[in-house]
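*Asks:* can you look at this prediction? I've put the sequence above it.
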There are 2 protein chains.
Amino acid sequence: MSLSSSITTWGHTHYPFCDLGINCTSKLKPKVLKMKFSKNPSLLVSAVLTKQQTDAAQKKLAQDFKEYVVEKANSVNRALDDSVLLKEPLKIHESMRYSLLAGGKRIRPMLCIASCELVGGDESIAMPAACAVEMIHTMSLMHDDLPSMDNDDLRRGKTTNHVIYGEDVAVLAGDALLALAFEHIATQTKGVSSDRIVRAIGELARRIGAEGLVAGQVVDICSEGISDVGLEHLEFIHLHKTAPLLEGSVVLGAILGGATDEDVEKLRKFARCIGLLFQVVDDILDVTKSSQELGKTAGKDLVADKVTYPKLLGIEKSKEFAVELNKEAQAQLVGFQQEKAVPLIALANYIAYRDN
Amino acid sequence: MSLSSSITTWGHTHYPFCDLGINCTSKLKPKVLKMKFSKNPSLLVSAVLTKQQTDAAQKKLAQDFKEYVVEKANSVNRALDDSVLLKEPLKIHESMRYSLLAGGKRIRPMLCIASCELVGGDESIAMPAACAVEMIHTMSLMHDDLPSMDNDDLRRGKTTNHVIYGEDVAVLAGDALLALAFEHIATQTKGVSSDRIVRAIGELARRIGAEGLVAGQVVDICSEGISDVGLEHLEFIHLHKTAPLLEGSVVLGAILGGATDEDVEKLRKFARCIGLLFQVVDDILDVTKSSQELGKTAGKDLVADKVTYPKLLGIEKSKEFAVELNKEAQAQLVGFQQEKAVPLIALANYIAYRDN
């Protein structure tokens, strides 16, 4: 499936949180602001407001979202900290905690919680699934970094797991996190029917396996050194390597929050767009940022002779493609309560305009 | 927890299927036969039968169980074959299928199905879970065989997965099988309430992670080369390395089949005994059989300087311990419909008296 070919025109561009205090430095920074954020009337922004009023409201919105991100990240970090206790056998639990609590941006858990809240659920319902998607994400990074795969020694600004704990323990700690993700959803999700939990587990599992994350990784590995890889092939890798778990995060939140099937599918499309968007931006960052700025090895795609969007389309066209994907993603959120949609819109913008 | 210290005296010894056509050559072969197998009156065996009648009935029982094993293995193999289709990306699916369909004995799926049938469920209810436990088992073997772990190049009589597909693909195929196990239970289990499915998933996940299979493997790795490992430590390794998945297999069958909590716990104890039994026998086989007979590298525990039961207790005492564990396991089955318990009894005996 080619998502780029499915992009539709969307009347308005909504970028309410471009300046999130997360260094939105892209030239693609939008100028139009029409989105409501909170129930506070002072925050309602429209074309009738003056430039000063709009700027003030924009600043307030950015501040509100920054607070939202900090609050959610703190909740998620507390829940993750509680999910793996430091007990016997110490080495494996230390290894799991080392990577799980290494200070990731927690985008996937936030997407899961925001999606659940969008359809009327609350944070507590989504939290076990939110932790689960972060566990899976961490596992995939640990295994991807192994000497037999990307052979990376830097991740999230820290030495990679296998360098500290050994390759054997890093493989096993990844396996343990993968199993724990399912245990956590199955045993910790409260106040939700078992029907929804089973559906969420099936959904998450499908996003990981040989048609999901693993498919992307294996095709990526097999593509190294092949010079004639086309755009469709690249999209296959990216749609499978990054998008599945972002899709899983959003869809799990929606299912557990009680979304209708139709709304689940709209949110799935939203997630697929931001999944591809995430990877396009990753590719751009890989060639435009330093290792220190990224907190991981920069330029490694070039070294590995990997096919990337900048390589196929050039930097500027890649950035345009990112803007189109962001538009398409946000188009899926029309029809939901807009004030509840704001965190997802802001997260999509963050993914588009992040700089690491 | 030390299972050996919890062994209780059990009045009678039941070994109805010692000669299963699976080369029961142990000197511990029992002589008493009191267990019923089928509803056919000619198969009821008791102390009042003559020697000839007992021998004939024993032969018939062995034949019946052999047929049971062949029939169930065929069903399981068909279901496993259907569970991973050969599709794109081909390499990962080939790798998964290579190890999953490499002709294992399917003991775990059989335990799962037999346990489900014991409590009144039928094969179709347990089959997705039965496939799932075999997927997990296969994954654990693939990862254990990796160069960074046991570095084994022979498994089930065949070249190990990483030797054929590469270390990177073997790690990923293991990950994919682990995820598929949960997907399979969540999406393929029919005719069972979601409550039971969620409980089964939580149970399976717990048996895999850092307090289950992974714990056993990591403590095993960390114990290599340490000469003063005691019996308690050895039991920890074995109770975690092998027993968890056998426990999971039996308990999943029981949960999905609708067992009461009390019966689930009796079957859990049965499973823990045969789990430890399995490993004790494995240790014995490692020093008494050739690689060709085992279908995997023999004597590797000695080479790796691993602590084993024969090393700690001697061969004869290890065999006696195996007999005690088998007794204790079978004591848990008293109170269930005995004719339905026969496959589990026979499977326990097979685990005790197998020669590879």
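*Replies:* Structure received. Numbers count the residues shown, from 1 in each chain, chains lettered A, B, ... in the order given.
*Asks:* what about the stretch 251-356 of chain A, any weak spots by pLDDT?
*Replies:* Within the stretch 251-356 of chain A, the ranges that satisfy pLDDT under 70 run A:290-305.
*Asks:* how about the longest helix along chain A: buried residues?
*Replies:* In chain A, assigned by DSSP state H, the helix with the most residues is helix A:51-83. By 16 or more other Cβ atoms under 10 Å in any protein chain shown, the buried positions in helix A:51-83 come out as A:54, A:57-58, A:60-62, A:64-66, A:68-69, A:72-73, A:75-77, A:79-80, A:83. Backbone N, C-alpha and C define where each C-beta goes, glycine included.
*Asks:* again, but for stretch A:338-346
*Replies:* For stretch A:338-346, the neighbour count (16+ other Cβ under 10 Å) marks A:341-346 as buried.
*Asks:* closest one to chain B out of those, please.
*Replies:* Chain B has its nearest neighbour among the buried residues of stretch A:338-346 in A:L344, at 25.7 Å by Cβ to the nearest Cβ.
*Asks:* chain B contacts on the stretch 201-350 of chain A?
*Replies:* Within the stretch 201-350 of chain A, the positions adjacent to chain B are A:201-202, A:204-206, A:208-210, A:212, A:214-215, A:217-219, A:221-222 by Cβ under 8 Å from any Cβ of the partner chain.
*Asks:* quick one: which of the residues you listed sit in helices?
*Replies:* Among those, the residues falling in helices (DSSP H) are A:201-202, A:204-206, A:208, A:214-215, A:217-219, A:221-222.
*Asks:* could you say what helices and strands the longest helix of chain A packs with?
*Replies:* helix A:107-118, helix A:123-144, helix A:338-353 (3 or more Cβ pairs under 8 Å, 6 or more residues apart in numbering or on different chains; DSSP states H and E).
*Asks:* got the ones you listed as JSON lines, with distance to A:L100 columns?
*Replies:* Listed next are these as JSON lines, based on distance: least, Cβ to Cβ, whole Å:
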{"stretch": "helix A:107-118", "distance to A:L100": "11"}
{"stretch": "helix A:123-144", "distance to A:L100": "5"}
{"stretch": "helix A:338-353", "distance to A:L100": "21"}
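*Asks:* so A:L246 touches A:L277, yeah?
*Replies:* No: counting by Cβ atoms under 8 Å, A:L246 does not reach A:L277; the two are 9.0 Å apart.
*Asks:* give the contact list for the nearest residue to A:T242 once chain neighbours are set aside.
*Replies:* Excluding the flanking residues, the one nearest A:T242 by Cβ to Cβ, 6 or more residues apart in numbering or on different chains is A:Q279, at 4.4 Å. With contact set as Cβ atoms under 8 Å, 6 or more residues apart in numbering or on different chains, A:Q279 has these partners: A:238, A:241-243, A:309.
*Asks:* may I ask which two of these are separated the most?
*Replies:* Using Cβ to Cβ, the two most remote members of the contacts of A:Q279 are A:A243 and A:Y309, lying 13.9 Å apart.
*Asks:* now for A:V171, how many residues are close by?
*Replies:* A count of neighbours around A:V171, defined by other Cβ atoms under 10 Å in any protein chain shown, yields 28.
*Asks:* element containing it?
*Replies:* Here A:V171 sits within helix A:167-188, counting by DSSP states H and E.
*Asks:* is that helix in proximity to chain B?
*Replies:* Yes: counting by Cβ under 8 Å from any Cβ, chain B has neighbours in helix A:167-188: A:167-169, A:171-176, A:178-180, A:182-183, A:186-187.
*Asks:* same check, this time on stretch A:103-122
*Replies:* No: using Cβ under 8 Å from any Cβ, stretch A:103-122 never reaches chain B; the gap is at least 15.9 Å.
*Asks:* wait, isn't A:D168 in contact with B:M149?
*Replies:* Yes: A:D168 is within contact range of B:M149, at 4.8 Å (criterion: Cβ under 8 Å).
*Asks:* got phi/psi on A:P147?
*Replies:* Backbone dihedrals for A:P147, given as degrees, to the nearest 10, come out at phi -50, psi -40.
*Asks:* try A:F336
*Replies:* phi -80, psi 160.
*Asks:* neighbours of the spatially closest residue to it that is not a sequence neighbour, just the number please.
*Replies:* Nearest residue to A:F336, sequence neighbours excluded (Cβ to Cβ, 6+ apart): A:L118, at 5.7 Å. Counted with other Cβ under 10 Å, the neighbours of A:L118 add up to 24.
*Asks:* looking at it, A:L118 is touching A:K340, isn't it?
*Replies:* Yes: counting by Cβ under 8 Å, A:K340 is a contact partner of A:L118 at 4.9 Å.
*Asks:* now the closest residue to A:S75 other than its chain neighbours: how far from A:D195?
*Replies:* Using Cβ to Cβ, 6+ apart and skipping residues adjacent in sequence, the residue nearest A:S75 is A:E123, 6.6 Å away. Relative to A:D195, A:E123 is positioned 21 Å away (Cβ to Cβ, to the nearest Å).
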